[in-house]
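> have a look at this prediction, sequence included:
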There are 2 protein chains.
Amino acid sequence: MKLATLANGTPDGRLHVVSRDLTKAAPAKAAATLQAAMENWEGLEAGLKAEHDAVNAGTAEGLINFDPAKALAPLPRAWQWLDGSAFDSHGELMDAILGIKKEKTGRPLMYQGVSDKFYGPTEDARFMSEADDIDFEGEFGIITDRVPMGTDKATAMKHIRLLVQINDWSLRRLAPIEMKTGFGWVQAKPPCSMAPVAVTPDELGANWRDGRVDLELSVYWNDAKFGGANGYHMSCGFDDLVSHAAYSRDLVAGTVIGSGTVSNKNYREIGSSCIAERRGIEKLDTGTPTTPFMTFGETVRMEARNGDGSVLFGAIHQKVVKA
Amino acid sequence: MKLATLANGTPDGRLHVVSRDLTKAAPAKAAATLQAAMENWEGLEAGLKAEHDAVNAGTAEGLINFDPAKALAPLPRAWQWLDGSAFDSHGELMDAILGIKKEKTGRPLMYQGVSDKFYGPTEDARFMSEADDIDFEGEFGIITDRVPMGTDKATAMKHIRLLVQINDWSLRRLAPIEMKTGFGWVQAKPPCSMAPVAVTPDELGANWRDGRVDLELSVYWNDAKFGGANGYHMSCGFDDLVSHAAYSRDLVAGTVIGSGTVSNKNYREIGSSCIAERRGIEKLDTGTPTTPFMTFGETVRMEARNGDGSVLFGAIHQKVVKA
C-alpha cells in the first residue's frame, strides 16, 4: 500500500491512497490524516488496503492524477522523530571529518530531532546562512503505531507499519560544537524532508529483509549523481532501533525513526549520501577536504528504485534557499 | 493569568482558567485547549484575561472547585520540548558525578527531549527498573507562541507567553553512556511532568526579571525537604534560550523550553533539585556518593511560592511506580 498527504490548508493535510505506479490517487476514506491512521492502524489497515486496490484498478472514488509537487510529507508533522546512525562507514567518515571520536558502546546510536515539521518533497529548504555549512543526508525511515515501553526486538518489528525516505538536513559548522557538549544537536538539525509516498513494507517484497531496506538510495546534487549507497548495510535493523527507542518510554503512534545517512564501505566507488562524507574521504585521501557545502539556489534529488525499476517513494527534489 | 488543563478523555484535555488562589476554575471560552491558545495567543489573550478576572471574582460561567488531582499537564503534549542546562553549579556537580567533562563553549546548553507526553502533576511516573537510577530534576520552564527562525534575544522575550514548573525525570545509569556518543539522550530522558498551572509572567510581578524566575523551587523527597534553590541564577535567561533554539528553525507555537535543574552555588546550605547533584557533592566531599536513587513507591513533591507566600503553579506530587 502507498500513502501520501496532499495539501488542504491544514497542518496535517489530507491523506490519500496512491497507486503503485504513483500516477493516481484518491482521498482515503478510512482516515482523514496519516496521524489518525497510525493511531488505529490495526483497525484501519484492511480498509486502506481495499482502497489501494481500487486506486490501482482505477475504480476508486475521487480518483485524481497524483502530483508529487502538491504533496506534503506523508506525515507533515509528527509527535516524535528519532534518528539513528546505523551505517558504520558513515560514522567512521564523520569521525574523520568532524574531528570527534565517538565512544563505541555497542548500542544503537540515536538522537531526538525536531518533529513539528517535515518539509514536503519539493518544498524549498530554508536556512539562515551558507556559512553554517548546509548539507543533505539521504536516509530511509519507518513510522510506527503505538509501541509500549519495554517492547523487545521481535515485537518491535510488528510495529513498523510504514517505510519512508528522508532528507535529514544538517548544518555541519554547528554539528561538532553541539556534539562536544554531549547534549546532542539542536541548531545543527533543522527540520527534515520526506519523499511524497510512504509505503507498507510488503511493497518492497524481498527487498525488505532483516528490518532493513535492501535498495539503492540514489542522490543527485544539482542533477549530478552524488551517491548510490544501499540501505541494507545497517549495523542493526529498524526493529533494533524501535526497541532501543522504546526502552524507557511508550512510542506514540506516528513515531518516525531514521536509519541515519545511508552509507556503504565501498564509498569510493558508489559515492555518498551527504557532502560531509565525501569531505571525510577527501580528508583521509589527501589530508584536505575540497568539496564545498551547498549554496543558496542549489538542489538535491533523492530517490530509490524498487526491484522492478519503479520509483518507490517518489522523489525528494528540493532547492536550498535563504530564510 | 493562570491556566490549567483538566482531563476530558482527549489527549489535549480541556483548557480551564484558574483563580489566582488556585481554588476555582472555569472552562476557557476563548480556546478549548492550551495548544489552540498558543497558536493564536495575541488574538485570544485579552479574552482569556477577562475570563480570568471573572474566575477571580467568582462570576465566571461554569465555575467549579479546582482540583489539581484532576489536572493534566497544562500542555499534556507538545510539538517540541527543548531543555536547557543554564545553572552552572548544576553542570559542575554533574560533571563530577557523571565523570564527564563537558567542553565549555560559551553557548547555551540545550537538548531536544520527548514531547508527546507530559505527565500530569499527580500522575504516577512509570519506569522499567530501579537499576536505571531513577532521579527527579526540578526546573522552571516557559511556553512560547510561534517564534520565527532567527529571532533575536529581545524579540524572543516577547514570545515567552507562559511559565511552567517541570519535573524532568532522568535515568542516571544511562545518562553518561548516551552523553559520550555526542548524540544526547533518548533512553536517559523519559517524559517529564508539569505542575498543574501555567501562569503568565505578570503573575510573578518583580520576581520575573531578566528572563528568569526569581523564586525558590522547593523539592521534597518522601515529604522531607531536599532542596530549595532559586531560579534566578541562570547563566543565561529564557530569552537567550528561546533565541538559541530558534537559530535554525521556526519554533512551533506551544514549544516548551526548560531551564535545566535549578541549582545555586551554595548547594551545601540550600540542598539540590535532583539526587545526582547531592551525590556529586558527596563525591566532592568524601570521594563516595552515598545517597541512593529513587525506589518504586517513593514520592517527590515540588512547588514554588510566589512573593506573597501563595503556591504559584500548584504542586507536582508524584509517585514512582514500575511500568
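Perfect, thanks for sending it. All of these numbers come straight from a predicted model, not from anything done at the bench.
> report the contact partners of the closest residue to residue A:233 other than its chain neighbours.
With Cβ to Cβ, 6 or more residues apart in numbering or on different chains as the measure, residue A:264 is the residue that lies nearest to residue A:233, at 5.3 Å, once sequence neighbours are left out. Quick note: C-beta positions are derived from backbone N, CA and C, even for glycine. Going by Cβ atoms under 8 Å, 6 or more residues apart in numbering or on different chains, residue A:264 touches A:87, A:89, A:229, A:230, A:233, A:270.
> before we move on, which element is the third one in?
Read it as residue A:229. Under the criterion of DSSP states H and E, residue A:229 resides in strand A:224-230.
> contacts for that strand next, please.
Contacts for strand A:224-230 (Cβ under 8 Å, 6+ apart): A:87, A:138, A:214-220, A:262-264, A:267, A:270-274, A:277-278.
> how about a cut-off of 10 Å?
Residues outside strand A:224-230 that contact it (Cβ atoms under 10 Å, 6 or more residues apart in numbering or on different chains) are A:87, A:89-90, A:136, A:138, A:207, A:212-221, A:261-267, A:269-275, A:277-278, A:291, A:300-302, A:304.
> inside strands: which ones of these?
A:138, A:212-213, A:216-221, A:300-302, A:304 (DSSP state E).
> quick check, the residue in chain A closest to chain B?
residue A:184 (2.1 Å; Cβ to the nearest Cβ).
> so what's that residue closest to, chain neighbours aside?
With Cβ to Cβ, 6+ apart, the residue lying closest to residue A:184 is residue B:184, at 2.1 Å.
> my guess is that neighbour contacts residue A:111, does it?
Yes - counting by Cβ atoms under 10 Å, residue B:184 does reach residue A:111; the two are 5.2 Å apart.
> quickly list what's touching both of these two.
Residues touching both residue B:184 and residue A:111 by Cβ under 10 Å, 6+ apart: A:178, A:179, A:183, A:184, A:185, A:186, B:111, B:112, B:178.
> dump those into JSON lines; add pLDDT and secondary structure as well.
Below are the shared contacts of residue B:184 and residue A:111 laid out as JSON lines (pLDDT from 0 to 100; DSSP: H, G, I helix; E, B strand; the rest coil):
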{"residue": "A:178", "pLDDT": "96", "secondary structure": "helix"}
{"residue": "A:179", "pLDDT": "93", "secondary structure": "helix"}
{"residue": "A:183", "pLDDT": "95", "secondary structure": "coil"}
{"residue": "A:184", "pLDDT": "96", "secondary structure": "coil"}
{"residue": "A:185", "pLDDT": "98", "secondary structure": "coil"}
{"residue": "A:186", "pLDDT": "98", "secondary structure": "coil"}
{"residue": "B:111", "pLDDT": "98", "secondary structure": "strand"}
{"residue": "B:112", "pLDDT": "98", "secondary structure": "strand"}
{"residue": "B:178", "pLDDT": "96", "secondary structure": "helix"}
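> of the residues you listed, which is the nearest to residue A:47?
For the shared contacts of residue B:184 and residue A:111, the residue nearest residue A:47 by Cβ to Cβ is residue B:112; the value is 35.2 Å.
> care to break chain A down by domain?
Annotated domains of chain A cover A:2-66, A:72-322 [automatic domain parsing].
> buried deepest among those domains, which one?
Highest mean neighbour count among these (mean count of other Cβ atoms under 10 Å in any protein chain shown): domain A:72-322, with a mean of 21.
> could you tell me the end-to-end distance of that domain?
End-to-end span of domain A:72-322 (Cα to Cα, to the nearest Å): 20 Å.
> the helix or strand hosting residue A:242 - contacts with which helices or strands?
For residue A:242, the element it lies in under DSSP H and E is helix A:238-245. Contact analysis of helix A:238-245 by 3 or more Cβ pairs under 10 Å, 6 or more residues apart in numbering or on different chains; DSSP states H and E lists strand A:81-84, strand A:110-113, strand A:138-144, helix A:153-158, strand A:160-167, strand A:212-213, strand A:256-258 as its packing neighbours.
> got the contact list for the nearest residue to residue A:69 once chain neighbours are set aside?
Nearest residue to residue A:69, sequence neighbours excluded (Cβ to Cβ, 6+ apart): residue A:122, at 5.1 Å. Residues in contact with residue A:122 (Cβ under 10 Å, 6+ apart) are A:67-71, A:193, A:196, A:299, A:301, A:314-319.
> one more: residue A:313?
The contact partners of residue A:313, by Cβ under 10 Å, 6+ apart, come to A:2, A:4, A:22, A:68, A:74, A:121, A:140, A:163-166, A:194-199, A:203, A:213, A:215, A:217, A:302-306.
> what about it, which SS state?
Secondary structure assignment for residue A:313 (DSSP: H, G, I helix; E, B strand; the rest coil): coil.
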